[in-house]
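Chemist: this one's sequence-less:
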């Protein structure tokens, strides 16, 4: 069994003060860093995703360019490549071994499985190459990118744990629904205290 920590979209635009701020986003960033500092040997593999949208165009309908965003399928401009909003939140301190995944390059890109690393290798292929069988999922936002990433991980045959103390969502009701959907699909809902037992 090889377990990976998968960190979803802990970026400035998704935390307080950002274009699509999630309440509690900065606290999640700090708590993930604290977990990594306390358990530096618990994960052989760490992956961190970022939305990395194109500055030009609507990213295949993802950005609301001609009308007001509906906050379901269309969104305000956010996480544009090479901008402050697309950078990791400063409270997120990642080890040098972290593999960085960029997603949403011209596309909506909710799931980390839509992303690629610096060499252009798809995330799913990286998991297979690393022999990863188990994924601990954390990050932002529970009801969108964490949900999509978790469901895709399950479809790819991963054993998934979602640490409910290390995620934050856009809205309470939709976040609860997303967690219930993930659990129904086979994910384990847990807290990061389990890492101490790893």
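Modeler: It's in. Being a predicted model, the structure only gives us computed values, none of them experimental.
Chemist: contacting residues around the nearest residue to residue 105 once chain neighbours are set aside?
Modeler: Of all residues not flanking residue 105 in the chain, residue 52 sits nearest, at 5.6 Å (CB to CB, 6 or more residues apart in numbering). Just so you know, the C-beta spots here come from the backbone N, C-alpha and C atoms, and that holds for glycine as well. Residue 52 makes contact with 79, 81, 86, 102-105, according to CB atoms under 8 Å, 6 or more residues apart in numbering.
Chemist: what do you get for residue 142?
Modeler: Contacts of residue 142 by CB under 8 Å, 6+ apart are 167-170, 175, 178-179.
Chemist: Find me the pLDDT at the closest residue in space to it that isn't next to it in sequence, would you?
Modeler: Nearest residue to residue 142 in three dimensions, chain neighbours excluded: residue 169, at 3.3 Å (CB to CB, 6+ apart). According to the prediction, residue 169 has pLDDT 96.
Chemist: Isn't residue 169 up against residue 139?
Modeler: No. Assessed by CB atoms under 8 Å, residue 169 is found out of contact with residue 139, at 10.6 Å.
Chemist: Between those two, which contacts overlap?
Modeler: residue 146.
Chemist: could you list every residue that touches the closest residue to residue 85 other than its chain neighbours?
Modeler: Nearest in space to residue 85, with sequence neighbours left out and distances taken as CB to CB, 6+ apart, is residue 13 at 3.6 Å. Shown in contact with residue 13 (CB under 8 Å, 6+ apart): 19-21, 51, 78-79, 85-86.
Chemist: Narrow the residues you listed to those that are buried.
Modeler: Buried subset of the contacts of residue 13 (neighbour count, 16 or more other CB atoms under 10 Å): 19-21, 51, 78-79, 85-86.
Chemist: among the residues you listed, which one has the lowest pLDDT?
Modeler: residue 78 (86).
Chemist: so what's it up against?
Modeler: 13-14, 18-20, 51, 53, 85.
Chemist: re earlier: and the residue nearest to residue 105, how close does it get to residue 13?
Modeler: From residue 52 over to residue 13 the distance is 11 Å, taken as CB to CB, to the nearest Å.
Chemist: picking up where we left off before, now, among the contacts of residue 78, which is nearest to residue 189?
Modeler: Distance to residue 189, by CB to CB, is smallest for residue 14 among the contacts of residue 78, at 21.3 Å.
Chemist: wait, that closest one sits on residue 24?
Modeler: No. Using CB under 8 Å as the test, residue 14 is too far from residue 24 to be in contact (10.7 Å).
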